[in-house]
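Engineer: Everything below, folded, please.
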Amino acid sequence: MGSIQNKLIEISNKDSFLEEVYQLYLNNSDDRSAIGKELATLHNKGVLDIVAKFQNLKKSSQGHNFFGTRHIFEDALPTLNAPVIEIMSCVKHLTIEAGDDLAAGTTVSSFITYCEADNTRPHEVLTHAFTDIKESFNFIAPALISGSKANLQEFVNKAIELTSHENIDVCTRATFALGRISYLENTLLIHSALEALNSMVHTKYSDNLFATALKSIFSLYTLNKKNEIEVVELIKFVMSHKENITLHNVSDIFSFDNGNIPESMLDLFLEALVEVKPENTGTLQNIDLGLNHLLEINMEDKAFIFLDKLLTLNKGTISISQFSSFTHTILENKHQLNKLVTRWLLAKSVLFGRTASDLIGNYSDKGTRLKADLTQLENQQKDIRMFLAKKACAWFFLHPVSAVSFIISLIDSASEDEVESIREIIFNPLLISYSGSVKDYLNGIREESSKKVQITISHLLKVLDSYHDGLRSAKEITELSPTISQKEAYQRKWNRLMSDSFKEAPKGFLSEIFGKPSILLYGNSSINYIHYGPDNKKRQVMPMHTISHSTEFPALELLDPHGLDYMLRIFKLEGCSS
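Structural biologist: Presented below is the predicted three-dimensional model:
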């Protein structure tokens, strides 16, 4: 430690003091907090005035090192012996300098610890805080929170008193403090705080005040859950003003405190969050995390109902792709996935059909195996299985395994007439278009399937063989075959097009990325040089190898593209009311 102090003293008079302190911080990887503690020791001895040093820290000059450098001050702050007014000035400067960054307020936690070290400091901070209550940053809440550590009753009462202050900003900061104070299971004080907040929201209003009150009320509820009924009513009143900031705080609770939300309050939150605006991406990210948690605790029905409402209210402006955590989890849980896909295909809505397609598209090129949730088909109309088969075929056409697996799962509960119609859909367009992947899938499940499905698969594969026999026989028809001269003309055209494309290639965007092209004359490897300065280079040999990727293109796109497009459009729109 002595060596660190010596280095700090050595650089103390340099203009680059903060930059060099930050470098010491990086180099001392075993215990980086030691740098801040040593700075505090030197300050307390009168060797350095680190408060003045950090008062000069600017985000613009420090660049990406600003927060790392500021963190050193946060390590030093709890043990500093310095006048309260000077510390307040420095903390305020460092917080405002951070701007709108999410880490802007981390210095305040260290400041609260600094105040807790001396019982007189919270009182002094509170006195000074009232001299600039109109400022964007204020110390009222830190003073109340730190003071409550030494005298809980006194500072809770101060906070309650300030909730009725004539200045709305003071009320907001006192409200924030009431939600952050540690009440040590003092139910009487918790009840008093809730009553004060209840009185305040019924007599005052601002967006920030109500948003802050919402979080504090919920925090107080988690400390004493016996107040559930009155807390739910109070939150319902606060949420009747659905401003963006209030909804964002609701989403914060929904995403991070999900385990503490009672069902009555959860329904209230979900009802409010459907009104989120598409441009509020931070709120949508919180909603994504909250919905993901609902899946994990098997409350998927609430998540599905909420998603239905949200997507319906924001047609085209909010999509399933914005809920990455939810999508990842549900694709891993086949029961929930099958339940949701069946629900959306049954919705008789183009919006939900497209959303189901987008969801499956997140899995892979071929899609994932699906199975219809037959419990949702009870009390449905007679032809509901044919309806679902058409929807699955059309919306999952580009993911043939998903489409066929879903349709096959309908067969066991279908009548003979329905099975015949389902066979026709599987064969045309799916099996004809994807005679590779679909055929492999059908062969793979044949032995493990029921007798009814086995008969269907055998019939389909037999018809496919006959279809291919017919295609092969068409090759023998002379009139359908090009002449030798036509083949040669086509080959010349193809060679010319390829030659022209190579000539044009360097002008494209790839040349901008990879630079000047290299021309390989012969050999089975390429050689280049990595330069390490003007006179130092290293020879690198890279053997050539093949890179390949294949994808199955639907055959009907070549044989009958217009007919295929028409069929899929009919399947998508048939029976839809929206």
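Engineer: For the helix or strand S357 falls within, which helices and strands make contact with it?
Structural biologist: Assigned by DSSP states H and E, S357 falls within helix 350-361. Contact partners of helix 350-361 among helices and strands, from 3 or more Cβ pairs under 8 Å, 6 or more residues apart in numbering; DSSP states H and E: helix 300-313, helix 324-332, helix 334-346, helix 384-395, helix 561-573. C-betas here are computed from N, CA, C, even on glycine.
Engineer: if you set the cut-off to 7 Å instead, what comes out?
Structural biologist: Counting contacts by 3 or more Cβ pairs under 7 Å, 6 or more residues apart in numbering; DSSP states H and E, helix 350-361 is packed against helix 300-313, helix 334-346, helix 384-395, helix 561-573.
Engineer: Including mean pLDDT, could those helices go into a markdown table?
Structural biologist: As requested, those are exported to a markdown table (pLDDT from 0 to 100):
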| stretch | mean pLDDT |
| --- | --- |
| helix 300-313 | 96 |
| helix 334-346 | 97 |
| helix 384-395 | 96 |
| helix 561-573 | 96 |
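Engineer: okay, those helices, which one's buried deepest?
Structural biologist: helix 384-395 (a mean of 24; mean count of other Cβ atoms under 10 Å).
Engineer: ok and that helix relative to helix 334-346, angle-wise?
Structural biologist: 100 degrees (axes from the mean of the first three to the mean of the last three Cα atoms, to 10 degrees).
Engineer: that older thread, please tabulate the helices and strands packed on helix 350-361 in CSV and include distance to S548 as additional columns.
Structural biologist: CSV is the format used below for these (distance: least, Cβ to Cβ, whole Å):
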stretch, distance to S548
helix 300-313, 39
helix 334-346, 31
helix 384-395, 30
helix 561-573, 27
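Engineer: Looking at the ones you listed, which is nearest to E271?
Structural biologist: helix 300-313 (8.7 Å; Cβ to Cβ).
Engineer: what's the angle from the closest one to helix 350-361?
Structural biologist: When the same axes, to 10 degrees is applied, the directions of helix 300-313 and helix 350-361 differ by 120 degrees.
Engineer: For helix 300-313, C-alpha coordinates in PDB please.
Structural biologist: The C-alpha trace of helix 300-313 is given here as PDB (Å, rounded to 0.1, in the frame of the first residue of the first chain):
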ATOM      1  CA  GLU A 300     -48.300 -18.200 -19.900                       C
ATOM      2  CA  ASP A 301     -52.100 -17.600 -20.300                       C
ATOM      3  CA  LYS A 302     -51.700 -14.100 -18.800                       C
ATOM      4  CA  ALA A 303     -48.700 -13.400 -21.100                       C
ATOM      5  CA  PHE A 304     -50.600 -14.600 -24.200                       C
ATOM      6  CA  ILE A 305     -53.700 -12.500 -23.500                       C
ATOM      7  CA  PHE A 306     -51.500  -9.400 -22.900                       C
ATOM      8  CA  LEU A 307     -49.600 -10.000 -26.100                       C
ATOM      9  CA  ASP A 308     -52.800 -10.400 -28.100                       C
ATOM     10  CA  LYS A 309     -54.100  -7.100 -26.800                       C
ATOM     11  CA  LEU A 310     -50.800  -5.200 -27.300                       C
ATOM     12  CA  LEU A 311     -50.300  -6.500 -30.900                       C
ATOM     13  CA  THR A 312     -53.900  -5.700 -31.800                       C
ATOM     14  CA  LEU A 313     -53.700  -2.200 -30.500                       C
END
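Engineer: What is it packed up against?
Structural biologist: If you count contacts as 3+ Cβ pairs under 7 Å, 6+ apart, helix 300-313 packs onto helix 281-296, helix 334-346, helix 350-361.
Engineer: In this protein, which residue sits furthest out from the middle?
Structural biologist: T478 (59.3 Å; Cα atoms, centre = their mean).
Engineer: for that residue, what are its contacts?
Structural biologist: Residues counted as contacts of T478 (Cβ atoms under 7 Å, 6 or more residues apart in numbering): none.
Engineer: next one: G290
Structural biologist: S251, F254, S255, N258.
Engineer: For I261, see how far away it is.
Structural biologist: Remark: distance between G290 and I261 (Cβ to Cβ, to the nearest Å) = 9 Å.
Engineer: between those two, what contacts are shared?
Structural biologist: In contact with both G290 and I261: no residue, using Cβ under 7 Å, 6+ apart.
Engineer: ok so, going back, and the contacts of the helix holding S357?
Structural biologist: Here helix 350-361 makes contact (Cβ under 7 Å, 6+ apart) with 311-312, 315, 319-321, 327, 341, 344-345, 367-368, 391, 395-396, 399, 402, 572-573, 576, 578.
Engineer: okay, that helix in PDB with CA atoms only?
Structural biologist: In PDB, the C-alpha atoms belonging to helix 350-361 read as follows (Å, rounded to 0.1, in the frame of the first residue of the first chain):
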ATOM      1  CA  VAL A 350     -54.000 -12.100 -40.600                       C
ATOM      2  CA  LEU A 351     -52.100 -10.200 -37.900                       C
ATOM      3  CA  PHE A 352     -51.700 -13.200 -35.700                       C
ATOM      4  CA  GLY A 353     -51.000 -15.600 -38.600                       C
ATOM      5  CA  ARG A 354     -48.100 -13.300 -39.600                       C
ATOM      6  CA  THR A 355     -46.900 -13.100 -36.000                       C
ATOM      7  CA  ALA A 356     -46.900 -16.900 -35.700                       C
ATOM      8  CA  SER A 357     -44.900 -17.100 -38.900                       C
ATOM      9  CA  ASP A 358     -42.400 -14.500 -37.500                       C
ATOM     10  CA  LEU A 359     -42.100 -16.400 -34.300                       C
ATOM     11  CA  ILE A 360     -41.300 -19.700 -36.000                       C
ATOM     12  CA  GLY A 361     -38.900 -17.900 -38.300                       C
END
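Engineer: quick one, strands of the stretch 351-500 of the chain?
Structural biologist: For the stretch 351-500 of the chain, strands defined by DSSP state E, counting those that start in this stretch do not occur.
Engineer: Excluding chain neighbours, what is closest to K37?
Structural biologist: Nearest residue to K37, sequence neighbours excluded (Cβ to Cβ, 6 or more residues apart in numbering): D75, at 6.2 Å.
Engineer: Surely the one you found is in contact with A34?
Structural biologist: No - using Cβ atoms under 7 Å, D75 is not in contact with A34, being 8.3 Å away.
Engineer: next structured bit after the helix or strand of the chain with the lowest mean pLDDT?
Structural biologist: The least trusted helix or strand in the chain, going by mean pLDDT, DSSP states H and E, turns out to be helix 509-514, with a mean of 57. As assigned by DSSP H and E, the chain's next helix or strand after helix 509-514 is strand 525-531.
Engineer: In the sheet, which strands lie alongside that following strand, parallel or antiparallel?
Structural biologist: Applying DSSP bridges, strand 525-531 is found paired with strand 537-543 (antiparallel).
Engineer: How far does the partner strand sit from its chain's centre?
Structural biologist: When distances are taken as Cα atoms, centre = their mean, to the nearest Å, strand 537-543 is centred 42 Å away from the chain's centroid.
Engineer: now what about it, what contacts it?
Structural biologist: With Cβ under 7 Å, 6+ apart as the test, strand 537-543 has contacts from N524, S525, S526, I527, N528, Y529, I530, H531, Y532.
Engineer: Among those residues, which one sits closest to E448?
Structural biologist: Of those, the one sitting nearest to E448 (Cβ to Cβ) turns out to be N524, at 46.8 Å.
Engineer: How many residues are close by the closest residue to that closest one other than its chain neighbours?
Structural biologist: Leaving aside its chain neighbours, N524 sits nearest to M544 (5.7 Å; criterion: Cβ to Cβ, 6+ apart). Neighbours of M544 under the rule other Cβ atoms under 10 Å: 10.
Engineer: Please consider this matter closed, and thank you.
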